[in-house]
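Undergrad: need coordinates for the following:
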Amino acid sequence: MDGSCEIVVIGGGHAGAEAAWAAARMGVPTILVTTDRAAIGRMSCNPAIGGIGKGQMVREIDALGGLMGLATDEAGIQFRMLNRSKGPAVQAPRAQCDRELYAGAVQRLLAETPNLTIIESAVDIIETDGSDGRRPRVTGVRLQDGRRFACSSVIITTGTFLRALMHTGESQTPGGRVGEATSGGISQTLLSLGFELGRLKTGTPPRIARDTIDYDRLEVQPGDAVPAPFSFLNDRIDQRQVCCWITYTSGAVHDLIRGNLHRAPMYSGQIQSTGPRYCPSIEDKVVRFADKERHQIFLEPEGYNSDRIYCNGISTSLPADVQTEMVRQIEGLERARIVQMGYAVEYDFVPPHQTLPTLETKRVAGLYLAGQINGTSGYEEAAGQGLVAGVNAALSSLGREPFVMRRDQSYIAVMIDDLVTQGTIEPYRMFTSRAEYRLLLRSDNADARLTPLGREIGLVDEARWVRFDLKRRAAVDCDRWLNASRLEGQSLAYWLTRTDADGRGRVDVSAWRAGLSSAVPGVSEALACEAAESALIAIRYGGYIERQQREVDKFVRLENRRIPDGFDFKAIRELRAEARERFSSVAPRSVGQARRISGISPADISILMLYLEGRRRLSMSE
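TA: Numbers count the residues shown, from 1 in each chain. The predicted structure is shown next:
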């Protein structure tokens, strides 16, 4: 062997960065293998972080001690709180980032991390020891340059690079990103280990030169006047903020696309794999929503000094000549020059029914998968998985119990449970609608939910813990102040729960924010405002929160009904054949997870519970 460590992370994207950061910060020697050190943290598509459902996940990553929120705050050039006029359950932060600053922040944070070594190479073979007939276990990796490293765990975070093929019209180029080669060795290794592979597709829009746009003909989209940081460690955002712009497609654009569908890879038969349902190409939009007269396009800068504008809303794999004509028929873009054509990319993934909730594979011990290799789409989904995989690989190395969150604890848990329980046949994207307990999974309370868990597993450091404790105590002070302050003989807390005939609040909350902040001495103004907001939400939505908490209590009881590892579902002859097959494929860890498997009926669950109860009584009698 040329060296050894405990954990090898393959890939330096958003999943790989979080996995390496988490494992190393937990004190476990880790190697991150990437083909290009300068590409670590690179944003392949839009340089933006957050959004509906996604923003909540980024705050969860930060609350647990991850790095995505820190990098976003350092590189963000426009921050917006989405759905501000709606309830707190669906409000979500989003930030447009400077592409170069973001990658630089991730690279610097990783470079400063103890216990982490970064190696430029590619992994050819994952070595395992399964000679005794038991479940194979990871023993090391062999790099493309011939070096070999012994390790106990490998985390694969290869994104869209496994046997990747890019499409622009009839043109096909091997690669998972413009200018970067494909990777075939990992796919072959996975196949040789007995894994089932599938193919998915994603895409990206053209980028245009910023000095060729007629901005006077566009709608301006400014950011928030007071940007809200992603990381709970930061009080404010100091860097200069920029504007984005909005324009629209037209009937002429749609006619052009319809007239060239025979040259679009998705419609010519050139691409066979499934693309993202919730982030469709402009070709798909025109076909699926034929009654729509126009589609919105967000023109978003890729950085302070970048000459590129990202055309969010017209992802496409149409031929270059059609893309050029299409762009120039859009209002404000008549003189636009395309600096990078849109393209689609097909790549291998591992259908996630082959993975445990820890993100360790069922087939090979010590082998973890995170990110788009599990069938997800998006930086935030990848980062959340990377953190969980890194934490669990580290805990395994330390001989500790694995880290698995419940659906009522985080969006990250909702995503992982959806993947390993339901599987996916298309790129999975997070939305608030996927979480049945979304009123509890707000972006404002991610630290209250998860920082204690991060502290317990060893990822939350002392500085973050001290700040969290200050905010927690400040929120208690705010709640006390709201209950002690009087208005018309009743407490402010009482009036905050009352509405008038039109459903509006009986008191103006904004008028009391200053008083709330003054009720929290000894903390920064920003921290006082955060604590005050948490206290206000807890009071105003207290009834709904209590109702949802009762639902959670029922859910937890089913989650606590554990199913033993290695349970033989096929031995339950009373189950339907389909149920035996689905249970055996997913191998649910609890009755709650078993209920969520597609195709499972209430009768199947009743039979399963009877067998589990009989097994429990038998073990008690022994």
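
Undergrad: all contacts plus neighbour counts: C-alpha atoms, from now on.
TA: OK.

Undergrad: poorly predicted segments of the stretch 501-622 of the chain, please.
TA: For the stretch 501-622 of the chain, applying pLDDT under 70 flags the ranges 501-517, 615-622.

Undergrad: tell me where it has helices.
TA: Applying DSSP state H, counting those that start in this stretch to the stretch 501-622 of the chain gives helices spanning 513-518, 525-540, 542-559, 577-586, 591-595, 602-621.

Undergrad: which one, of the ones you listed, ends up nearest to Asp145?
TA: helix 577-586 (37.5 Å; Cα to Cα).

Undergrad: what about the closest one, distance to the chain center?
TA: Distance of helix 577-586 from the chain centroid (Cα atoms, centre = their mean, to the nearest Å) equals 28 Å.

Undergrad: for stretch 44-55, same thing?
TA: Remark: stretch 44-55 is offset 9 Å from the chain centroid, using Cα atoms, centre = their mean.

Undergrad: ok, now stretch 152-159?
TA: Remark: stretch 152-159 is offset 17 Å from the chain centroid, using Cα atoms, centre = their mean.

Undergrad: hey, C-alpha coordinates of it in CSV?
TA: The C-alpha trace of stretch 152-159 is given here as CSV (Å, rounded to 0.1, in the frame of the first residue of the first chain):
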residue,chain,number,x,y,z
SER,A,152,-12.2,1.1,6.1
SER,A,153,-14.9,3.2,4.2
VAL,A,154,-15.3,4.7,0.8
ILE,A,155,-17.9,7.5,0.0
ILE,A,156,-18.7,7.8,-3.7
THR,A,157,-19.9,11.3,-4.7
THR,A,158,-19.3,11.3,-8.4
GLY,A,159,-22.2,13.5,-9.4
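
Undergrad: ranges for the helices of the stretch 351-500 of the chain?
TA: Secondary structure of the stretch 351-500 of the chain (DSSP H, counting those that start in this stretch): helices located at 379-397, 411-422, 446-457, 462-484, 492-496.

Undergrad: quick check: the residue nearest in space to the middle of the chain vs Asp291, distance?
TA: Nearest residue to the geometric centre of the chain (Cα atoms, centre = their mean): Glu381, 1.7 Å. Computed with Cα to Cα, to the nearest Å, the distance linking Glu381 and Asp291 is 32 Å.

Undergrad: repeat for Cys5
TA: Using Cα to Cα, Cys5 is found at 58 Å from Asp291.

Undergrad: the two: which is more packed in?
TA: A direct count of neighbours by other Cα atoms under 10 Å for Cys5 and Asp291 places Cys5 higher, at 18 against 8.

Undergrad: got the contact list for the more buried one?
TA: 29-31, 149-152 (Cα atoms under 8 Å, 6 or more residues apart in numbering).

Undergrad: now those in JSON lines, with neighbour count?
TA: Output for those, formatted as JSON lines (neighbours: other Cα atoms under 10 Å):
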{"residue": "Pro29", "neighbour count": "21"}
{"residue": "Thr30", "neighbour count": "29"}
{"residue": "Ile31", "neighbour count": "24"}
{"residue": "Phe149", "neighbour count": "20"}
{"residue": "Ala150", "neighbour count": "19"}
{"residue": "Cys151", "neighbour count": "22"}
{"residue": "Ser152", "neighbour count": "21"}
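
Undergrad: now, those that are in strands?
TA: Members of these lying in strands (criterion: DSSP state E): 30-31, 149-150.

Undergrad: just the residues you listed now: which is nearest Leu116?
TA: Checking the ones in strands among the contacts of Cys5 against Leu116 by Cα to Cα gives Thr30 as the nearest, at 5.0 Å.

Undergrad: state the distance from that closest one to Ile373.
TA: 21 Å.

Undergrad: check Ser397 too.
TA: 23 Å.

Undergrad: so these two - more neighbours on which side?
TA: Ile373 (27 against 18).

Undergrad: make sure the more buried one is actually in contact with Ile155.
TA: No: at 10.8 Å, Ile373 and Ile155 do not qualify as touching, with contact defined as Cα atoms under 8 Å.

Undergrad: coming back round to it: and the ones in strands among the contacts of Cys5, which is closest to Gln593?
TA: Checking these against Gln593 by Cα to Cα gives Thr30 as the nearest, at 32.1 Å.

Undergrad: hang on, Leu261 packs against Glu283?
TA: Yes: with contacts counted by Cα under 8 Å, Leu261 reaches Glu283, the gap being 7.4 Å.

Undergrad: which of these two has more neighbours?
TA: Set Leu261 next to Glu283 and count neighbours by other Cα under 10 Å: Glu283 wins out with 21 against 17.

Undergrad: burial of Asp145, as a residue count?
TA: Neighbour count of Asp145, defined by other Cα under 10 Å: 11.

Undergrad: does it sit in a helix, a strand or a coil?
TA: State at Asp145, reduced to three classes by DSSP: H, G, I helix; E, B strand; the rest coil: coil.

Undergrad: any idea how far it is from Ala122?
TA: Separation of Asp145 from Ala122 (Cα to Cα): 8 Å.

Undergrad: what does Leu441 give?
TA: Counting by Cα to Cα, the gap from Leu441 to Ala122 is 38 Å.

Undergrad: next one: Arg337
TA: Distance of Arg337 to Ala122, computed by Cα to Cα: 36 Å.

Undergrad: repeat for Cys151
TA: Plainly put, Cys151 is 16 Å away from Ala122 if you go by Cα to Cα.

Undergrad: and what of Ile282?
TA: 35 Å.
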